[in-house]
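Trainee: Provided below for reference: sequence and predicted model.
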There are 2 protein chains.
Amino acid sequence: MPGRLGRGRPFWWHGKFKGCGYKITAGRDAIIEVLSKADKHLSAEDIYLKVHSVYPGVGLTTVYRTLEILVNVGLVYKFDFGDGRARYELSQDEEGEDHHHHLICKKCNRVIDYSDFIEEEAELLNKTEKGLSKKYNFEITGHLIQFYGLCEKCANRK
Amino acid sequence: MPGRLGRGRPFWWHGKFKGCGYKITAGRDAIIEVLSKADKHLSAEDIYLKVHSVYPGVGLTTVYRTLEILVNVGLVYKFDFGDGRARYELSQDEEGEDHHHHLICKKCNRVIDYSDFIEEEAELLNKTEKGLSKKYNFEITGHLIQFYGLCEKCANRK
DNA sequence: ATATAAATGGAAATGGTTATCATTACTATT
DNA sequence: AATAGTAATGATAACCATTTCCATTTATAT
Ligand SMILES: [Mn+2]
Ligand SMILES: [Mn+2]
Ligand SMILES: [Zn+2]
Ligand SMILES: [Zn+2]
């Protein structure tokens, strides 16, 4: 079979993946590889195209299936930026957590990562989560914060 | 034609609607009516079924089209709670603003509205928005905050 | 009442995501 | 190294919420 991927050294995420009972495969390696090299928020098809160009043996279905697992395991975040397709992003890299939030331009759909104000936000989030947990008996495990508006370019040429 | 909707008195939202150059029609009246009476977060089809049962002359396409306008005008919020269909909610009612955020159960998809902690959140949001606006030259017009986790029932029977 | 542009509904198309299923690749055990 | 059992895979078809099309109707200003 063409496009077989030789297995490399154990990667940082193999532990968590195996720990959840999943097998490490060439396709999955390639998908995470693409995600960790990505500089923007990729759709399933984006990932498929990149992976497929190097390993034609990996199909779109596998990309979707793998992403679902990665999201469930917590290695990947799945976002809806409003353009009709889901976007995926590694929740951490080799160095560790890299939590951030997003600014989304409603005009051109550009997405800006920011983590500048996370500190203060985290503080309030913590407080809010505590209050909500108690009041609604709700076990909070995560949050989503996005700001919408107009990016520099779109605000100018309006 | 059966199911014609007699136009009632001018409604509170007609002003904003007309102001944006849109026409007031029976279908649009009915759609807002359903939204304002709704106690939960309705999908386009939910709305269609309710409207259609009273005014069979209103089609699903019109529901989608009207919702899009309402969202653009700012009278309705469109949410993605992760179950594959968009959910809609009036951004305000006759009394005025009714801004709140959501708790979403990842197991059963139940959605809880909360506005208890909005005050404090608003304060921080304001601060954050100011900072972000300046740093990224981004004109912020809105935000989305959602907490994910397990609702009382789902947390117990796990 | 008339004119004009906007709104409408039904049917068909779209397109991202899932389900199916026969085949293949891991992994542990002999 | 061969075997068995199970998980993973890819190609294709199905799914289904949302859009597009287009001929017809309607709202609104004159
Ligand atoms: Mn990001
Ligand atoms: Mn709500
Ligand atoms: Zn923009
Ligand atoms: Zn639940």
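Mentor: Looks like it arrived, so ask away. Please read these numbers as outputs of a predicted model, since none were measured by experiment. Ligands and ions are numbered 1, 2, ... in the order given.
Trainee: okay, CA-based contacts and neighbour counts for the rest of this
Mentor: OK.
Trainee: mind naming the longest helix for chain A?
Mentor: helix A:118-136 (DSSP state H).
Trainee: same for the lowest-mean-pLDDT helix or strand in chain A, what does it pack against?
Mentor: Lowest by mean pLDDT, DSSP states H and E among the helices and strands of chain A is strand A:96-97, with a mean of 76. Contacts defined by 3 or more CA pairs under 8 Å, 6 or more residues apart in numbering or on different chains; DSSP states H and E place strand A:96-97 against no helix or strand at all.
Trainee: paired strands for that strand, with orientation please.
Mentor: Applying DSSP bridges to the sheet, strand A:96-97 is found paired with strand A:92-93 (antiparallel).
Trainee: got a list of contacts for the strand it pairs with?
Mentor: Residues outside strand A:92-93 that contact it (CA atoms under 8 Å, 6 or more residues apart in numbering or on different chains): A:Ser36, A:Leu75, A:Val76, A:Asp98, A:His99.
Trainee: ok, so of the residues you listed, who is nearest A:Tyr148?
Mentor: Nearest to A:Tyr148 among the contacts of strand A:92-93: A:His99, at 18.6 Å, using CA to CA.
Trainee: before we move on, the earlier item: from the contacts of strand A:92-93, which land in helices?
Mentor: A:Ser36.
Trainee: what does chain A put close to DNA strand D?
Mentor: A:21-23, A:25-28, A:57-63, A:65-66 (CA under 7 Å from any atom of the strand).
Trainee: ok, of the residues you listed, which one's closest to A:His41?
Mentor: A:Val63 (15.1 Å).
Trainee: care to break chain A down by domain?
Mentor: A:1-94, A:99-158 (automatic domain parsing).
Trainee: to ligand 3, which of those lies closest?
Mentor: domain A:99-158 (4.0 Å; CA to the ion).
Trainee: which residues of chain A lie near chain B?
Mentor: A:80, A:117, A:120-121, A:124, A:128, A:136-152, A:155 (CA under 8 Å from any CA of the partner chain).
Trainee: narrow those to those that are buried.
Mentor: A:117, A:121, A:124, A:128, A:138-140, A:146-151 (16 or more other CA atoms under 10 Å in any protein chain shown).
Trainee: near ligand 3, from these?
Mentor: A:Cys151 (CA under 5 Å from the ion).
Trainee: flag whichever of the buried ones among the residues of chain A next to chain B scores worst on pLDDT.
Mentor: Of all these, A:Phe117 carries the smallest pLDDT score, 75.
Trainee: quick one, what contacts it?
Mentor: B:Thr128.
Trainee: for it, give me phi and psi.
Mentor: phi -110, psi 10 (degrees, to the nearest 10).
Trainee: quickly list what A:Leu103 is bridged to.
Mentor: Applying DSSP bridges, one finds that A:Leu103 bridges with A:Ile112, A:Phe147.
Trainee: so what pLDDT did it get?
Mentor: pLDDT at A:Leu103 comes out at 96.
Trainee: and what of A:His143?
Mentor: pLDDT, read off for A:His143, is 93.
Trainee: so for it, what's the nearest residue that isn't a sequence neighbour?
Mentor: Counting by CA to CA, 6 or more residues apart in numbering or on different chains, A:His143 lies nearest to B:Phe147, which is 4.3 Å off, once chain neighbours are set aside.
Trainee: so what's that neighbour up against?
Mentor: A:Ile140, A:Thr141, A:Gly142, A:His143, A:Leu144, B:His102, B:Leu103, B:Ile104.
Trainee: perfect, I'm done here.
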